[in-house]
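S.K.: here is the input, now give the coordinates:
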Amino acid sequence: MVSPYLPHALYATALTSIAIHLVGQRTESEEQRSRYESRISMLQQLRDHLRSPNPSQDEIERLKRLSRPLDYDAQKSPEVTLGWRDVWFGRKLPSDGGEMSEWDKKDLEQLKKAMEGKS
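M.R.: Model (predicted):
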């Protein structure tokens, strides 16, 4: 038997989902608009600076660098594969030590010495 409240629950879930999606789209568009406006402002400053009688090369280079579009793909952090086994049981230290940096190895040795000293 289907509950008479099931359609209302589905409608409420759909409306909530749409509302959250629209808020995310709105904030994303505001951020994008802000980036474009700041880039336009920098380019206008560069234009005005180039039209001036004595343009400074340092200032021109600074404005050029600031007005470049950002490469968002390069700024993304590398994806880490994390399985449920790692979530519940934690990650294991590499057995061969090839993945650990020398600082990690030193820290691990100091930790082992400290633990042996306490026992």
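S.K.: biggest helix in the protein by residues?
M.R.: The longest helix of the chain (DSSP state H) is helix 6-51.
S.K.: the inter-axis angle of the following helix or strand past that helix versus helix 6-51?
M.R.: Next along the chain after helix 6-51, taking DSSP states H and E as the criterion, comes helix 57-67. For helix 57-67 against helix 6-51, the angle between stretch directions is 170 degrees (axes from the mean of the first three to the mean of the last three CA atoms, to 10 degrees).
S.K.: just give me the neighbour total for residue 63.
M.R.: As a burial measure, residue 63 scores 20 neighbours (other CB atoms under 10 Å). In short, each C-beta sits where N, CA and C put it, glycine included.
S.K.: list the contacts for it?
M.R.: Residue 63 sits next to 42, 45, 46, 49 when contact means CB atoms under 8 Å, 6 or more residues apart in numbering.
S.K.: hmm, try it at 10 Å
M.R.: Counting by CB atoms under 10 Å, 6 or more residues apart in numbering, residue 63 touches 42, 43, 44, 45, 46, 47, 48, 49, 50, 56.
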